[in-house]
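> pasting the structure only:
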């Protein structure tokens, strides 16, 4: 098979190599034998964040009673204040939680549903999110509906498709800010404006948006915003939050029942129901401040530019492989640090599923030392490539070449 001829990064648009190299050097724990192109699933943290997480754990272990009973709540308040500044919101609208899944479960426990009510999601929603709302609907006699979004995700077409599925029984709309499988930026601000006309609350699933985009829940106009810090923000694993509009904060219900009050004896707050859910180490939550410090505006701009150039290299490379190309038609501005590329469903191909990935993902890891996500969405085979500060053009091209060879092998095996 002749080598692929791929146009690389535009040197005129390339970031200062010294700055990118310095940024990449902060990710000291990465396995040098692995090409890690899956930051979108589980993003490693820079040393600054790892050090902060370890500091908080050591402080806990040094004097647990002092930490839990007298220090922890004020430290969580400080971390929430830093996060609120990052989100251009108020601290009393944000509570730190372990991840977006926990945040979404809080919303599911909070929004009142009765027999016959309906919750509307899009066909791009994350599997765990769909499971959360399916379970909530089963327990209440409500129904979860799925709206099929058009392949060309313009703001007008997206809003029209969702509005068409709204009924008098629709009590909540759940939508991703940036979709997981398809890596699309959805027009959430316009969707929220449309939903307000129907007086329908909106919950946004936003783990992929932090740092990839500027996020301000007030500006978006949603009722709830759920997110994790361990993706593009480079927070520690086990860090996330729920933002809620003031009309909801006093009504929020924790799916885990614990003491529900301040362990430090402070004045009551709606956050008390979430800040002591049993004994656990909050180090990852407290280290969110360090992640925000690391991903400062200058470095965030550098990350977005560098990652986008790598994504464009991937798109050009996969375009030269027969049967490959972008999974969906979307504007170039919607591709910041992640792209989903359609792969051909060669004869004998079987879709992977949770815990049982597509064979090509396993072979990329075993034969080529490449970690990248593959899967199926709406019966279409795809590879989702993520890029961050520590990734290089050489790594992306190595992935393109490896996929090309593995697909050629699949076709050959099918003929034999």
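Nice, I can see it. Please read these numbers as outputs of a predicted model, since none were measured by experiment. Numbers count the residues shown, from 1 in each chain.
> report the rounded mean pLDDT for the helix or strand encompassing residue 52.
Using DSSP states H and E, residue 52 falls within helix 47-62. Mean per-residue pLDDT for helix 47-62: 98.
> centre of the chain to that helix, how far?
Centroid displacement of helix 47-62 relative to its chain, using CA atoms, centre = their mean, to the nearest Å, is 24 Å.
> just checking, what packs against that helix?
If you count contacts as 3 or more CB pairs under 8 Å, 6 or more residues apart in numbering; DSSP states H and E, helix 47-62 packs onto helix 283-286, helix 288-294. C-betas here are computed from N, CA, C, even on glycine.
> in the longest one, what counts as buried?
It refers to helix 288-294. By neighbour count on 16 or more other CB atoms under 10 Å, the buried set for helix 288-294 is 288, 289, 290, 291, 292, 294.
> ok so, going back, ok, which of the helices and strands packed on helix 47-62 comes nearest residue 20?
Closest approach to residue 20 among these (CB to CB): helix 288-294, 14.5 Å.
> what's the following helix or strand after that closest one?
helix 297-318.
> give the other helices and strands that that next one contacts.
Looks like helix 297-318 contacts helix 17-24, strand 338-342, strand 380-386, helix 393-415 (3+ CB pairs under 8 Å, 6+ apart).
> can I get these in a markdown table with mean pLDDT?
A markdown table is the format used below for the helices and strands packed on helix 297-318 (pLDDT from 0 to 100):
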| stretch | mean pLDDT |
| --- | --- |
| helix 17-24 | 90 |
| strand 338-342 | 97 |
| strand 380-386 | 97 |
| helix 393-415 | 93 |
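> dump the ones you listed into JSON lines; add mean neighbour count and distance to residue 221 as well.
Supplementary listing: those in JSON lines, determined by neighbours: other CB atoms under 10 Å; distance: least, CB to CB, whole Å:
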{"stretch": "helix 17-24", "mean neighbour count": "14", "distance to residue 221": "34"}
{"stretch": "strand 338-342", "mean neighbour count": "25", "distance to residue 221": "25"}
{"stretch": "strand 380-386", "mean neighbour count": "24", "distance to residue 221": "28"}
{"stretch": "helix 393-415", "mean neighbour count": "17", "distance to residue 221": "36"}
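> in CSV: those, plus distance to residue 92.
Below are the helices and strands packed on helix 297-318 laid out as CSV (distance: least, CB to CB, whole Å):
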stretch, distance to residue 92
helix 17-24, 34
strand 338-342, 32
strand 380-386, 34
helix 393-415, 43
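> do you know which of those lies nearest residue 250?
With CB to CB as the criterion, residue 250 lies closest to strand 338-342 of the helices and strands packed on helix 297-318, at 36.4 Å.
> what's the next helix or strand after that closest one packed up against?
Moving toward the C-terminus from strand 338-342, the next helix or strand (DSSP H and E) is helix 359-368. Applying 3+ CB pairs under 8 Å, 6+ apart, one finds that helix 359-368 contacts strand 370-371, strand 373-377, helix 393-415.
> could you list the buried residues of helix 359-368?
For helix 359-368, by 16+ other CB under 10 Å, it's 360, 361, 363, 364, 368.
> in TSV, list these along with pLDDT and distance to residue 18.
Output for those, formatted as TSV (pLDDT from 0 to 100; distance: CB to CB, whole Å):
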residue	pLDDT	distance to residue 18
360	96	36
361	96	34
363	97	36
364	98	31
368	98	29
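> related to what we said a few turns ago, nearest to residue 168, of the helices and strands packed on helix 359-368?
strand 373-377 (30.8 Å).
> got the angle for that closest one vs helix 393-415?
For strand 373-377 against helix 393-415, the angle by axes from the mean of the first three to the mean of the last three CA atoms, to 10 degrees is 50 degrees.
> what packs against strand 373-377?
Using 3+ CB pairs under 8 Å, 6+ apart: strand 373-377 touches helix 359-368, strand 380-386.
> tell me which of the ones you listed lies nearest to residue 39.
When these are compared by CB to CB, strand 380-386 sits nearest residue 39, at 4.3 Å.
> got the contact list for the helix holding residue 52?
26-29, 45, 67-68, 71, 75, 234-236, 281-284, 286-287, 289-291, 293-294 (CB atoms under 8 Å, 6 or more residues apart in numbering).
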